[in-house]
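Q: next come a sequence and a model predicted from it.
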Amino acid sequence: MSEETLEYVNADPASAAIPASSASEAAECPSCASSPGGGAPSRTPMSFVYAIGRIEARFPRLSVEKEFFQAVGREDTAGLTDQQTFYDVLSKPENRYLLRQLCWVFLVQGMEAYVLQPRDPMDLDRMREAIRPLPDPGDVDVVVGLRGPLASPDMCNGLMVPVVAVDQIYSFDRATLIAAIPRPEKITAKQFESAAVEVFDRVARMTDNAGSTDDHRALNYLAMRYPAIYAKAAEQFGAGLALTGVEVLPSRLSGSRKRVDVIFEYNDRASGFCEKYAVRVDVTEEFPFLVTKLAPYYDQRYA
């Protein structure tokens, strides 16, 4: 696995910006998305995306598919599966032009959520690596970027979902992710692994978590970059408590920035006693970041 997992892994985001077609258009609508392929910006306000799912490569047009199979005919693919052939052919330098022609779809829980457009051409290699010659159900891809308007019908064979201009991509499998999280010494490896898997799955499989709202972006950020939530879960499970809820609330101490409190609720399986722990995340801009560490949370609504 590449060292691009969690906060102790460095994933270098591309920092290029989508240019406005003119200074006047940018001033008139600074938060509007550029239309696919350039041109005047649409009136669709842009929003940030921090999503967990899977990247899938598709042929946008019949001509691209036919061109790919001509490239396959020039290669020795005996003994390879269809998936291995797809990956092998696209990995050849002479076939890189095909990478630029493909449509890259992001799936969340198996549902088509976005069409991806990497801002940095070098990210095409990361897209290709997401294809995986030997896919596994535990494979995970993460994209961070800017959500714009719906894709045009001819962009991805009629698929009309929002386009995301991608700044950061990283891919891994869930088992490697869990193994990379620092484990507290007082918790056994087995206990920690079980707790981490449950917390990660709880976040990734939350209803409608497409990583486009502030709540979901904060949750996904924590799942990928903040190992303390896994350590706390393992500690609570060991003490006989169950994770009964994950809630995200606007922080009362946001000021001019957008900050949210992510609250993890645990209940004692025997007595029903409730404990809550919260961590504050700033989601003002494209890349969320930690404001306060995980600490006991007392609900002031009932104080």
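A: Good, I have the coordinates. If you're wondering where the values come from, they're calculated on a predicted model, not measured in any experiment. Numbering: from 1, shown residues only.

Q: what are the boundaries of the helices in the stretch 51-200 of the chain?
A: Applying DSSP state H, counting those that start in this stretch to the stretch 51-200 of the chain gives helices spanning 62-73, 82-91, 96-101, 123-129, 174-180, 189-204.

Q: got TSV for those helices, with distance to Asp136 too?
A: (Each C-beta comes from the backbone N, C-alpha and C, glycine too.) Listed next are those as TSV, based on distance: least, Cβ to Cβ, whole Å:
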stretch	distance to Asp136
helix 62-73	24
helix 82-91	11
helix 96-101	22
helix 123-129	14
helix 174-180	9
helix 189-204	14
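
Q: dump those helices to CSV, plus mean pLDDT, distance to Arg252 and mean neighbour count.
A: Below are the helices of the stretch 51-200 of the chain laid out as CSV (pLDDT from 0 to 100; distance: least, Cβ to Cβ, whole Å; neighbours: other Cβ atoms under 10 Å):
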stretch, mean pLDDT, distance to Arg252, mean neighbour count
helix 62-73, 96, 52, 13
helix 82-91, 95, 49, 16
helix 96-101, 94, 47, 14
helix 123-129, 92, 38, 19
helix 174-180, 86, 33, 16
helix 189-204, 87, 24, 18
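
Q: out of those helices, which gets nearest to Val163?
A: Of all the helices of the stretch 51-200 of the chain, helix 123-129 sits nearest to Val163, with 14.5 Å by Cβ to Cβ.

Q: ok, Arg269 - contacts?
A: Residues near Arg269 by Cβ atoms under 8 Å, 6 or more residues apart in numbering: 240-242.

Q: in strands, which of the residues you listed appear?
A: Mapping these onto strands (DSSP state E) picks out 241-242.

Q: which one (most neighbours) among the contacts of Arg269?
A: Leu241 (20 neighbours; other Cβ atoms under 10 Å).

Q: tell me how far the spatially closest residue to that one that is not a sequence neighbour lies from His216.
A: Computed as Cβ to Cβ, 6 or more residues apart in numbering, the closest residue to Leu241 that is not its neighbour in sequence is Tyr266, at 4.1 Å. Distance from Tyr266 to His216, counting by Cβ to Cβ, to the nearest Å: 21 Å.

Q: next, count neighbours for the residue nearest to Leu241.
A: Counted with other Cβ under 10 Å, the neighbours of Tyr266 add up to 22.

Q: do Gly272 as well
A: Applying other Cβ under 10 Å, we find 8 residues neighbouring Gly272.

Q: and the one helix or strand Gly245 maps to, what does it pack onto?
A: Assigned by DSSP states H and E, Gly245 falls within strand 241-250. Counting contacts by 3 or more Cβ pairs under 8 Å, 6 or more residues apart in numbering; DSSP states H and E, strand 241-250 is packed against helix 189-204, helix 214-225, helix 228-238, strand 259-268.

Q: tell me the angle that strand makes with strand 259-268.
A: 160 degrees (axes from the mean of the first three to the mean of the last three Cα atoms, to 10 degrees).

Q: in strand 241-250, which residues are buried?
A: Neighbour-count burial for strand 241-250 flags 241, 243, 246, 248 (criterion: 16 or more other Cβ atoms under 10 Å).

Q: cool, and stretch 289-303?
A: Buried residues in stretch 289-303, counted by 16+ other Cβ under 10 Å: 290-291, 294, 297.

Q: looking at the residues you listed, which are in strands?
A: Here DSSP E is the test, and those give 290-291, 294 as lying in strands.

Q: for the chain, give me the ranges with low pLDDT.
A: 1-45, 207, 300-303 (pLDDT under 70).

Q: kindly recompute the last result at 80.
A: Scanning the chain for pLDDT under 80 picks out 1-46, 204-208, 254, 299-303.

Q: show me it divided up by domain.
A: The chain breaks down into these domains under automatic domain parsing: 23-173, 181-296.

Q: start to end distance for the last one?
A: Here the two ends of domain 181-296 are set 22 Å apart, with distance taken as Cα to Cα, to the nearest Å.
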